[in-house]
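Enquirer: okay, sequence plus prediction incoming.
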Protein chains: 2
Amino acid sequence: MYIRKLTSQVILDYGRAEVHTQAGTLRGVISDGTCIFRGVRYAQAQRFHLPEPVTPWEGVKEAITYGNACPEIFTCVPHDQYTVPHYFTVQSEDCQFLNIWTQSIEKGVKKPVMVWFHGGGMMTGSGVEHYAYDGEELSRFGDVVVVTLNHRLNVLGFLDLSAYGEEYRYSGNAGLADLVAALQWIHENIAAFGGDPDNVMLFGQSGGGSKVVSMLQSPRAAGLFHRACLQSGGMRPGTEMTRSLSRRLASYILEYLKIFPEHVKELESIHYDELACAADYAAGRLSREEGRPVMYGPFSDQDFYSGHPLEHGFIEDTRDVPVLCGSVFGEFLNNYASPVGTGSKNSWMEEYKYELLCTEYGEETEKIIEAFRKAYPDKNTADILFMDTDMRQNALAFARQRAEFSQAGVYNFLFTLESPFNGGTVPWHNAEIPYVFHNAEYLEPSFIPGITPAVQDIVSGAWVNFAKTGSPNGSGVPQWDAFGGEENRTMVFDRECRLETDHDKELLELCPARKVDFSKLMGSKK
Amino acid sequence: MYIRKLTSQVILDYGRAEVHTQAGTLRGVISDGTCIFRGVRYAQAQRFHLPEPVTPWEGVKEAITYGNACPEIFTCVPHDQYTVPHYFTVQSEDCQFLNIWTQSIEKGVKKPVMVWFHGGGMMTGSGVEHYAYDGEELSRFGDVVVVTLNHRLNVLGFLDLSAYGEEYRYSGNAGLADLVAALQWIHENIAAFGGDPDNVMLFGQSGGGSKVVSMLQSPRAAGLFHRACLQSGGMRPGTEMTRSLSRRLASYILEYLKIFPEHVKELESIHYDELACAADYAAGRLSREEGRPVMYGPFSDQDFYSGHPLEHGFIEDTRDVPVLCGSVFGEFLNNYASPVGTGSKNSWMEEYKYELLCTEYGEETEKIIEAFRKAYPDKNTADILFMDTDMRQNALAFARQRAEFSQAGVYNFLFTLESPFNGGTVPWHNAEIPYVFHNAEYLEPSFIPGITPAVQDIVSGAWVNFAKTGSPNGSGVPQWDAFGGEENRTMVFDRECRLETDHDKELLELCPARKVDFSKLMGSKK
């Protein structure tokens, strides 16, 4: 990680971290014993076409700066820049790059590989977008090989032009094809970086969780990974793209750009900004017509993706993959992103709290307070106003169905640790990521002295155990029974981490999933 | 600063840092007692037109995320991403934003104001581009108000269209007009942020140094600032734009875009990328015609800018402004950016060193080694191969002429502290910035345990003293006599900071300024 107050010399060495990949030799950097390779190309691709293997090179290529990220239709500084510090890297369509952190580049050491899929829906983001995504600490803490990556997004990754020619057969899932290409590259090359190609874990959050699900449902990816972790994403069915919707987007884009279908090839060479404008128009039009927001994303093509498992069933090819999945307490409803009332929730008088709760829950208020006190005896009842129940219910449903399908093990978690940020903030969408990456000590709103180091060891430790063995259990982590049967077992990560059984069942029944107004959460233009 | 390994709770509070500016109320964030206002609009401007005052607003505007940076013609991840960590923010032509760090928002406390002009020539960069530009530590250390800002650059900031109409009279220096507008905003509003409008220091590095010189030579800026500091930039005359060159660029752009002069207004609305392509073409063509690289930048218009002082003389209006100026030991010739030989310079045997030196200096080698040993008794003679003499000579010439012109005080420095990075690297272009901003403990290649904290206190302390009184002298800083007379006095910042008198005179005479191949230093495309 770049920025930290240093107490000892960090030895940076450019000279010795040389690794021979199938396509050529890479030279990374050694930082305090961790070998780091940035901006490693895993594929190359023409717009709307399948990714192709890396062209071999002579000599040594430097791998010290991050690779390009996929262009976004609209990049804005998000409102949550303080709670979730973002890093914006250079954007270019030439974006098939990954980054590797490893403790050893000796062949044969075969450490578990943890491959991170970034969030941002299927529309935005990169493998280095959040400060929390930096893999150095996680690699060191767990002695694992950490990989983060960029791939095609939005209209570049998910526009179905198959109606206009066989060469575009896969254009609608090109973004997933990139992910498969990355996994293929890892499979073929990661041993040279000290990784075990037969022990690869996928983990991702939000849109990254959806990407993990896509791979879990991709016959093309089967065998290239062995554990799957979904954090606050990918667990809800029914909101996905379809081929026919993606085709309508394509037709609207051509119409907007006044390109006749027989000249579709022009789409390959027009300036990205022009394409992005058209893409924005098409998505807006389709959303209006459908009466719901429609965004670029993958759809079931029975090839790269077999559709969401809760709609189409889990595929056989990945039946043996254990799953870790969960969410956080506040998600988008946390008191910073979705404020209710005035002032700091932790300073509210009982009467004011009660008044706000009654406005929200009416006659149910008393029952809900009681259920909340049973579920979270140590928490402030004001938190009911900032509690996600939507993602939580999706996570439980996903875990339940996966456990019915697979004996490989399913583990559910809920991250409830309140941040001292702004006088006390329930954990937001993204809040668990610094804990997973063992980076929580670096981020101001994530850090609680005396608490964070221990909690982070447990969270990160569970993820590392899962990478190593397919179960989060292991030294330092409380006993964590797999999901199964009638009861919902959930590991609750908080000041005290504990396995609970249906602790919030009654609460979830009383509090139907509330909808968040996403437009309020988007980055503000000045 | 975002990323640091934390040892105590950082109190972040969004609620209370409210300030009333002339146009409306802003709400910033308080971080451990420092009030931070990000993305504060200081002006607004139409393309190629003068900036206009901020439109007033009702209610409270949040100032918690950075504002847009000016679009660059080509943004790449620089090769020096490790030595100079970069942050890339969102780019938009709507880019007149500044950021403020202050210890108090009580009116009347009147703390010195330090306004940073970022580098990147007049072509690239932003007020938050380097991690080192973060103003929180400097504000806290010096109890000063720190301001960083964005403004128009490249073809947006410096294209002279005056030949095509009176409304474009100032388009060729619009980027400077933005700087003046920012200083005007600071003059009118900074008291509300605890700053003293009558004690404003400008400091900038590389292109930022050139910007400081521009303001020193701008009748429009006179009275809006009171001290000027140039770090590794702005001190060399003779490489600037002229009105006639800028007009040729404009005509080439129109030609490239097939826009007739009478339709010049179309330039205001074409997509920036189209304009950037044309601008790139025009600069390339002019460079070829002139036989030297020509880039967009300010020229003398006797209004916003009176031309470089070493060519046109210093202007009367700013005669009373004291100047701090200097450079660093390696600049672009440091052993990371401009390697010579193989392996780490500090591991070279004497014979190998001698051989390399002879290749470079031939018969002069012995004399140069002797002069180097006299100038830097503690340094490795290998460093001769990585020593800048060009910027150093410019700095001395600038200081000398300024001291002849003004009695306000001129102070010269040279930063020579070697970094342990990569086995030992002489200080690179930008290396002093983390020390000036008191951020050197956060940056891996800048930090030397046991050394950095003391050196940073001296460097940063000298800058703060200069901001407060116009002289770098003050507690903790070694006696630093002003430049003047026949002798060249230079404060050398190293493990031991010391005032020297012509310590490198002989060395500079023996080593004529070497040219750097800038194309080698540009960011690499993957």
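Expert: Cool, the structure landed.
Enquirer: what's opposite residue A:100 in the beta bridge?
Expert: Taking DSSP bridges as the rule, residue A:100 bridges to residue A:37, residue A:147.
Enquirer: go ahead and confirm it touches residue A:145.
Expert: Yes. Counting by CB atoms under 8 Å, residue A:145 is a contact partner of residue A:100 at 6.5 Å. C-beta here means a position set from N, CA and C on the backbone, and glycine is covered the same way.
Enquirer: comparing those two, which shows the higher neighbour count?
Expert: Using other CB atoms under 10 Å in any protein chain shown as the criterion, residue A:100 and residue A:145 rank with residue A:145 on top: 32 against 29.
Enquirer: who's the closest residue to the more buried one other than its chain neighbours bridged to?
Expert: Distances taken as CB to CB, 6 or more residues apart in numbering or on different chains put residue A:195 closest to residue A:145, at 3.8 Å, once the chain neighbours are dropped. With DSSP bridges applied, residue A:195 shows beta-bridge pairing to residue A:111.
Enquirer: ok, residue A:195 touching residue A:146?
Expert: No. Assessed by CB under 8 Å, residue A:195 is found out of contact with residue A:146, at 9.5 Å.
Enquirer: what do these two both touch?
Expert: Both residue A:195 and residue A:146 are contacted by A:102, A:113, under the criterion CB atoms under 8 Å, 6 or more residues apart in numbering or on different chains.
Enquirer: what about the residue nearest to residue A:145, how many neighbours?
Expert: As a burial measure, residue A:195 scores 28 neighbours (other CB under 10 Å).
Enquirer: residue contacts, it?
Expert: By CB under 8 Å, 6+ apart, the contact list for residue A:195 reads A:102, A:110-113, A:145, A:186.
Enquirer: just residue A:467 next, same as before
Expert: Counted by CB under 8 Å, 6+ apart, residue A:467 has contacts A:112-114, A:142, A:144, A:199, A:201, A:227.
Enquirer: likewise for residue A:54?
Expert: Counted by CB under 8 Å, 6+ apart, residue A:54 has contacts A:21-23, A:41-44, A:185.
Enquirer: pull out the buried positions in stretch A:48-61.
Expert: Applying a neighbour-count criterion of 16 or more other CB atoms under 10 Å in any protein chain shown, one finds A:48, A:50-51, A:54, A:61 buried in stretch A:48-61.
Enquirer: mark which of these are part of helices, please.
Expert: With helices defined by DSSP state H, no entry of these lies inside them.
Enquirer: which of those residues sits closest to chain B?
Expert: Of all the buried residues of stretch A:48-61, residue A:61 has the smallest distance to chain B: 8.6 Å, by CB to the nearest CB.
Enquirer: indicate whether the helix or strand where residue A:280 lies makes contact with chain B.
Expert: If you go by DSSP states H and E, residue A:280 is part of helix A:272-290. Yes. Using CB under 8 Å from any CB of the partner chain, helix A:272-290 comes into contact with chain B via residue A:273.
Enquirer: give me the residues contacting that helix.
Expert: Contacting residues not belonging to helix A:272-290 are listed as A:71, A:73-74, A:93, A:154-156, A:159, A:245, A:248-250, A:252-253, A:256-257, A:267, A:293-296, B:271, B:273 [CB under 8 Å, 6+ apart].
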